[in-house]
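no sequence on this one, just coordinates:
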């Protein structure tokens, strides 16, 4: 279980650190000198900076007086993610290199850079995945694709179906039926249709365990053929040559971003029309539980999972909601339209209210996660207590 905790912290740290690195790098390109760029969160453990004489110096803690002429690069005691101090909440005065005195397009570029870096991270991870072999559905992959470990996998269980009664689960791999190997979707669908109404013995691989399930196919109205009420795909490990893998990685990231945007749209629309929050929405506890499941599946699945989380983080941060990067970009748009910035006191208050609302949402989703993943959460919590006892 400690593997779950470690992997979760590493993934979260990479996602946040890359996001903040985007802000920092573009800020430097725009001529800003951020006060501090740190790995982890304060209190500060150790920091490095150039003094006014151009010499590198070291400092410990937060209270040491320094004469820094450049950004402080720090390592902090809370080893999760990172941060950058741009000084956007401070009084600009006459400093031409202050964030608030930069042109709107530069400030917008700095704020958007975190979102963009999370997308780039996802594209890089998926590209690396395609170089070494990435699990995905098998369709029209083109002549350059090299496919191995082909398998038939359950993606969806239809309610009140024979599959649900037999306790089949999404993610189950169908190895065979009645001892006959299922080599393709066509072979399996034909076999099931020819034996509708008969009790069939499914050989299933679930995680690392091989199990058997007895299921009786029935005539399904959605296909007018014999079936057990599952959505299935033919998947495999897909690998591309180096340069094609890079192209496929970026293309897949764009497609994933589009799919996640559609999912967010459906979620928000559901809230407004009274459909409620999707049961698939997960918070920190849910993501930690999912991380544990992915970690047990292997490194390549962790790579894939991290890429998807990175795109999710990018989209969430781009939303025009106070306290998020998208909310700050919205205020820049208002400034461009009005010809003058919104009062800092007003903007600060709105961002503060937005932050409180986000924290309330996190608490509510976390509460639901604890209920939904009670078993996993209890094991994680008990292991932490045992470790420190």
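Arrived safely, thanks for sending. On a predicted model such as this, the values are computed, not experimentally measured, just so you know.

From here on, just use CA atoms for contacts and neighbour counts.
Will do.

Strands along the chain, start to end?
For the chain, the strands defined by DSSP state E cover 36-50, 56-60, 72-85, 134-137, 146-157, 173-177, 180-181, 200-206, 209-215, 218-220, 225-227, 230-239.

can you put these in JSON lines and add mean neighbour count and distance to residue 188?
Below are those laid out as JSON lines (neighbours: other C-alpha atoms under 10 Å; distance: least, C-alpha to C-alpha, whole Å):
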{"stretch": "strand 36-50", "mean neighbour count": "19", "distance to residue 188": "51"}
{"stretch": "strand 56-60", "mean neighbour count": "14", "distance to residue 188": "65"}
{"stretch": "strand 72-85", "mean neighbour count": "20", "distance to residue 188": "47"}
{"stretch": "strand 134-137", "mean neighbour count": "18", "distance to residue 188": "17"}
{"stretch": "strand 146-157", "mean neighbour count": "17", "distance to residue 188": "9"}
{"stretch": "strand 173-177", "mean neighbour count": "21", "distance to residue 188": "8"}
{"stretch": "strand 180-181", "mean neighbour count": "13", "distance to residue 188": "9"}
{"stretch": "strand 200-206", "mean neighbour count": "18", "distance to residue 188": "11"}
{"stretch": "strand 209-215", "mean neighbour count": "15", "distance to residue 188": "14"}
{"stretch": "strand 218-220", "mean neighbour count": "17", "distance to residue 188": "14"}
{"stretch": "strand 225-227", "mean neighbour count": "22", "distance to residue 188": "10"}
{"stretch": "strand 230-239", "mean neighbour count": "19", "distance to residue 188": "10"}
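
and residue 304, which of the ones you listed is closest to it?
When these are compared by C-alpha to C-alpha, strand 134-137 sits nearest residue 304, at 7.9 Å.

that older thread, I'd like the strands of the chain laid out as a markdown table, including distance to residue 109.
Below are the strands of the chain laid out as a markdown table (distance: least, C-alpha to C-alpha, whole Å):
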| stretch | distance to residue 109 |
| --- | --- |
| strand 36-50 | 18 |
| strand 56-60 | 30 |
| strand 72-85 | 15 |
| strand 134-137 | 33 |
| strand 146-157 | 39 |
| strand 173-177 | 45 |
| strand 180-181 | 55 |
| strand 200-206 | 46 |
| strand 209-215 | 49 |
| strand 218-220 | 53 |
| strand 225-227 | 53 |
| strand 230-239 | 35 |
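
Taking the centroid of the chain, which residue is nearest it?
residue 309 (0.6 Å; C-alpha atoms, centre = their mean).

distance of it from residue 66?
Noted for residue 309: a distance of 38 Å to residue 66, by C-alpha to C-alpha, to the nearest Å.

My guess is residue 233 contacts residue 135. True?
No. Look at residue 233 against residue 135 with C-alpha atoms under 8 Å: they stay out of range, at 12.0 Å.

hmm, back to that, look up how far residue 14 lies from the residue nearest to the centre of the chain.
In this view, residue 309 and residue 14 are 11 Å apart by C-alpha to C-alpha.

got it, and residue 129?
Going from residue 129 to residue 14 by C-alpha to C-alpha gives 17 Å.

which one of these two has more residues nearby?
The neighbour count for residue 129 versus residue 14, taken as other C-alpha atoms under 10 Å, is higher for residue 129 (25 against 18).

what's near enough to touch the closest residue to that one other than its chain neighbours?
Using C-alpha to C-alpha, 6 or more residues apart in numbering and skipping the chain neighbours, the partner closest in space to residue 129 is residue 300 (6.5 Å). With contact set as C-alpha atoms under 8 Å, 6 or more residues apart in numbering, residue 300 has these partners: 129, 133, 134.

Including distance to residue 82, could these go into a markdown table?
A markdown table is the format used below for these (distance: C-alpha to C-alpha, whole Å):
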| residue | distance to residue 82 |
| --- | --- |
| 129 | 25 |
| 133 | 31 |
| 134 | 29 |
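
burial measure for residue 311, as a count.
Using other C-alpha under 10 Å: residue 311 sits among 28 other residues.

Over to residue 259?
Other residues close to residue 259 by other C-alpha under 10 Å number 12.
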